[in-house]
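> have a look at this prediction, sequence included:
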Amino acid sequence: MSYKLFAQRVGLVGVTNVIVSSRGLILIPILTKTLGADAYGVWSIIMVTISLLSPLALLGLTSAMIRFLAAEKDKNKIQEGFYSVLFAVFFAGLVLSLGIFLLSDTFAVAILKDISVAPLIKIASVVILLQTLDLVSLEFFRAFGRMKKYSALMLLQTFAEVGLVVYFVLSGYGLFGAVVSLLISRGIVLLISASFIFKEIGFRLPKFYGLRDYFWFGLPLVPTGLLGWITSSSDCYLIGFFLSSHMVGIYSAAYNIGSIIGFFGAPLQIILFPTISKLYEEKKEQEIGIYLTHSLKYFLMFAIPSLVGLSLLSEQVLLILASPEFVTQGSIVLPIAAAGAFFFGLYGGIFVWILVVAKRTRLIFMLVSFSAIINLVMNLFFVPIYGIIAAAVTTLIAYFILFSMATYFSRKCIRFEVPYAFIGKSILASLAMVTVIYWTNPTGIFYVGVMILVGAGVYFGVLGLLKGLGNGMTRFLKEVFWI
């Protein structure tokens, strides 16, 4: 039953994540075609800043909360642990938000070279605090397996954000309306999630007596998150500094589309960590190995054909989702970004959680530091000369190094079967798929959409003929999709 529940949660969160992640694909044509590359570049910088500072304010405490409370049954200990984390994160988020608010003019001039966007940065500073509290609340539901509430809240935030952004932008409020939409959507989710939590565990002022252990576990993850951001998002700042917000817009659009491969690793990121944390505490390493093997197969089964398909259709997809000015360089950036997202999905979806469960957080810090330094140094050297294509290549290299190192060390902590035969069959099926798509050479949203469906049919058909799934994986997928 626990294995069945794990598979169904993967399916639920997987569908949720596809919808949540598609908000970027929905907003790209709205923002790029309505506001242009310059404004989209400003939007991208603001979103990157929020994505950096919100997790940074968590101080690694939410990961510690999941690690230590996933198997906890005592309500008093749950209250103490959760509210200790919530209050600590609130004060950290408040400090960061005030810092951004006070430095908004400097930020606007130094990075965006436009003082007129300073009011947008002030609004974004409040979004940072709200999103930080949102993340703590959502991690509560994740820690205790309340995945229906977790998924519902994520969907609510997505629909509210997309709906409000589309309304405000098309009504003529521009980027101001788009950033205000972030503020409103985060506030709605925070109020609803807080009401659920209060109803479930009540409220008490924490005494912070267990926070020291949480900090000891989580603090190494704080610079890890910052360094991970350097690898994943600092290129936008450097492109804006060395080139222009126009080039940031082109790069971000292509990179965001290429990163949709992360869709398939996200449900594993959310579900796998609390699941194997509980099993690790119960010393059930053999069961952990089974979960890891099937999780790896699940990710590869979707990620390999997606990487091949996006690489082939990069130009057509950009023409559909953005304007022609994004295509020339964007069609080169997109497949490189997709390859980087593939390796990061393996790292962030599976292998890093083995190290976290084994309490090797300091090792994670060292691995991420190394990859971030490589990425930053290469960007400083090559972005001014070779532009946005260099930024995409350096990120791919950094992600591959990070994945390789994490795989090596995680295998020393917990060993599990790597499905090499399945990988080979998936690659063969992907080549068959891409041959069909290349032969038809589809253009336009309708024909591209049809050929994506046809290609998926060819891929799974060939994979089935090669007996690539096997009985175990077939049962897993039936549970994932509730068949």
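Everything's here; your move.
> going forward, measure contacts between C-alpha atoms and count neighbours the same way
OK.
> what number of residues lie near residue 84?
Other residues within reach of residue 84, judged by other CA atoms under 10 Å, total 22.
> tell me which element it falls in.
helix 75-102 (DSSP states H and E).
> buried set for stretch 437-445?
Neighbour-count burial for stretch 437-445 flags 437, 442, 443 (criterion: 16 or more other CA atoms under 10 Å).
> just the closest of the residues you listed to residue 190, please.
residue 443 (42.3 Å; CA to CA).
> how near is that closest one to residue 449?
The spacing between residue 443 and residue 449, counted by CA to CA, to the nearest Å, is 9 Å.
> ok, back up a step: quick one: the buried residues of stretch 437-445 as CSV, columns for distance to residue 420, secondary structure and pLDDT too.
As requested, these are exported to CSV (distance: CA to CA, whole Å; DSSP: H, G, I helix; E, B strand; the rest coil; pLDDT from 0 to 100):
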residue, distance to residue 420, secondary structure, pLDDT
437, 26, helix, 82
442, 33, coil, 74
443, 35, coil, 72
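> could I get the residues you listed in a markdown table, plus columns for distance to residue 197?
Formatted as a markdown table, the buried residues of stretch 437-445 follow (distance: CA to CA, whole Å):
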| residue | distance to residue 197 |
| --- | --- |
| 437 | 49 |
| 442 | 49 |
| 443 | 49 |
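> how far away is residue 278 from residue 64?
From residue 278 across to residue 64, the span is 13 Å (CA to CA).
> hmm, I typed the wrong one, I wanted residue 454.
Distance of residue 454 to residue 64, computed by CA to CA: 44 Å.
> report the buried residues of the helix holding residue 84.
Neighbour-count burial for helix 75-102 flags 78-86, 88-90, 92-94, 96-98, 100-101 (criterion: 16+ other CA under 10 Å).
> centre of the chain to stretch 296-313, how far?
Put simply, stretch 296-313 sits 17 Å off its chain's centre (CA atoms, centre = their mean, to the nearest Å).
> export that stretch as CSV, just CAs?
Only the C-alpha atoms of stretch 296-313 are listed here, as CSV (Å, rounded to 0.1, in the frame of the first residue of the first chain):
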residue,chain,number,x,y,z
LEU,A,296,15.1,6.9,-12.1
LYS,A,297,13.2,4.9,-14.8
TYR,A,298,10.2,7.2,-14.5
PHE,A,299,12.3,10.3,-15.1
LEU,A,300,14.4,8.9,-18.0
MET,A,301,11.3,7.5,-19.7
PHE,A,302,9.9,11.0,-20.3
ALA,A,303,13.1,13.1,-20.2
ILE,A,304,15.1,11.3,-22.9
PRO,A,305,12.4,11.7,-25.7
SER,A,306,11.6,15.3,-24.5
LEU,A,307,15.3,16.3,-24.8
VAL,A,308,15.5,14.8,-28.4
GLY,A,309,12.1,16.3,-29.4
LEU,A,310,12.9,19.8,-28.1
SER,A,311,16.3,19.8,-29.8
LEU,A,312,14.6,19.0,-33.1
LEU,A,313,11.7,21.4,-32.8
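> dump the residue contacts of residue 188.
Residue 188 makes contacts with residue 157, as judged by CA atoms under 8 Å, 6 or more residues apart in numbering.
> helix or strand right after the host helix or strand of it?
Using DSSP H and E, residue 188 falls within helix 174-201. Reading on from helix 174-201 to the C-terminus, the next helix or strand found by DSSP H and E is helix 211-218.
> distance between that following helix and the chain's centre?
The chain centre lies 24 Å from the centre of helix 211-218; the measure is CA atoms, centre = their mean.
> identify each buried residue in that helix, please.
Applying a neighbour-count criterion of 16+ other CA under 10 Å, one finds 211, 214, 215, 217, 218 buried in helix 211-218.
> ok, and the closest non-adjacent residue to the second one?
For residue 214, ignoring the flanking residues on the chain, the nearest one in space by CA to CA, 6 or more residues apart in numbering is residue 64 at 5.3 Å.
> verify the stated contact: the one you found with residue 211.
No. If you go by CA atoms under 8 Å, residue 64 and residue 211 don't touch, sitting 9.5 Å apart.
> show me what the particular helix or strand that has residue 356 in it is packed up against.
Applying DSSP H and E as the criterion places residue 356 in helix 352-357. Of the remaining helices and strands, those touching helix 352-357 by 3 or more CA pairs under 8 Å, 6 or more residues apart in numbering; DSSP states H and E are helix 262-281, helix 361-386, helix 388-413.
> and the first one, what does it pack against?
Packed against helix 262-281 by the contact rule (3+ CA pairs under 8 Å, 6+ apart) you find helix 2-57, helix 61-69, helix 118-143, helix 285-312, helix 327-346, helix 352-357.
> how many residues are close by residue 283?
Residue 283: 12 surrounding residues under other CA under 10 Å.
> tell me the pLDDT of it.
The model reports residue 283 with a pLDDT of 73.
> where's it relative to residue 53, distance?
For residue 283, the distance to residue 53 - CA to CA - is 36 Å.
> where are the low-confidence patches of the stretch 1-150 of the chain?
In the predicted model, the stretch 1-150 of the chain carries pLDDT under 70 at residues 1-14, 21, 25, 37, 70-72, 111-112.
> swap in the stretch 301-450 of the chain?
For the stretch 301-450 of the chain, applying pLDDT under 70 flags the ranges 321-328.
> rerun that using 90 as the cut-off
The model of the stretch 301-450 of the chain has pLDDT under 90 over residues 301-396, 398-399, 402-403, 406-427, 430-450.
> hmm, back to that, just the angle between the helix holding residue 188 and helix 118-143, please?
Between helix 174-201 and helix 118-143, the angle comes out at 30 degrees (axes from the mean of the first three to the mean of the last three CA atoms, to 10 degrees).
> hmm, back to that, give me the helices and strands touching the helix holding residue 84, please.
Using 3+ CA pairs under 8 Å, 6+ apart, helix 75-102 is in contact with helix 2-57, helix 61-69, helix 118-143, helix 174-201, helix 211-218.
> let's go with 7 Å and repeat that
helix 2-57, helix 61-69, helix 118-143 (3 or more CA pairs under 7 Å, 6 or more residues apart in numbering; DSSP states H and E).
> now for those helices, which one comes closest to residue 200?
helix 118-143 (10.6 Å).
> got the contact list for the helix or strand just after the closest one?
For helix 118-143, the following helix or strand on the C-terminal side (DSSP H and E) is helix 147-168. Here helix 147-168 makes contact (CA atoms under 7 Å, 6 or more residues apart in numbering) with 9, 13, 16, 20, 23, 138, 141-142, 174, 177-178, 181-182, 185-186, 189.
> do that again at 6 Å, thanks
With contact meaning CA atoms under 6 Å, 6 or more residues apart in numbering, helix 147-168 is reached by 16, 20, 141, 177, 178, 181, 182, 185.
> and the angle for it with helix 118-143?
Angle between the axes of helix 147-168 and helix 118-143 is 160 degrees (criterion: the same axes, to 10 degrees).
> just how off-centre is helix 147-168 within its chain?
The chain centroid and the centroid of helix 147-168 are separated by 16 Å, computed with CA atoms, centre = their mean.
> do you know how far the residue nearest to residue 178 when sequence neighbours are not counted is from residue 171?
Spatial nearest neighbour of residue 178, chain neighbours left out: residue 165 (4.6 Å); criterion: CA to CA, 6+ apart. Using CA to CA, residue 165 is found at 10 Å from residue 171.
> who's more crowded, these two?
The neighbour comparison of residue 165 against residue 171 (other CA under 10 Å) goes to residue 165, with 26 against 10.
> quick one on the thing from earlier: neighbour count for residue 278 and residue 64, which is higher?
Neighbour count, other CA under 10 Å: between residue 278 and residue 64, residue 64 has more, with 24 against 20.
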